[in-house]
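>>> Just need the structure, nothing else, for what follows:
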Amino acid sequence: LMERGLSIKGIKRPEDAKLLYGTALVTAGQRDKAKSVFASVQGDGTGELAKLWAVYASSSAR
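Next comes the predicted model:
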């Protein structure tokens, strides 16, 4: 459902939406997919947060 929402044209803050999608994937245990989503996030603040989440997704913390 979230993937479908991300494909909609004209959403106001697509990078924020991708970041939230990635965090949901981490929570669901889909860490590899989350890391690829985090890698696609751009922007000053949002991109930096995505990098931190990618580190967390790569860590052994579960």
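
>>> what are the phi and psi angles of Val41?
In terms of degrees, to the nearest 10, the main-chain angles of Val41 are phi -80, psi 130.

>>> quick one: pLDDT of it?
We have a pLDDT of 97 for Val41.

>>> Which elements pack onto whatever helix or strand Leu49 lives in?
In this structure, Leu49 sits in helix 44-58 according to DSSP states H and E. Counting by 3 or more CB pairs under 8 Å, 6 or more residues apart in numbering; DSSP states H and E, the packing neighbours recorded for helix 44-58 are helix 14-27, helix 31-40. Every residue, glycine included, has its C-beta placed from N, CA and C.

>>> who touches the closest residue to Asp16 other than its chain neighbours in this structure?
Nearest residue to Asp16, sequence neighbours excluded (CB to CB, 6 or more residues apart in numbering): Thr46, at 6.0 Å. By CB atoms under 8 Å, 6 or more residues apart in numbering, the contact set of Thr46 is Glu15, Asp16, Leu19.
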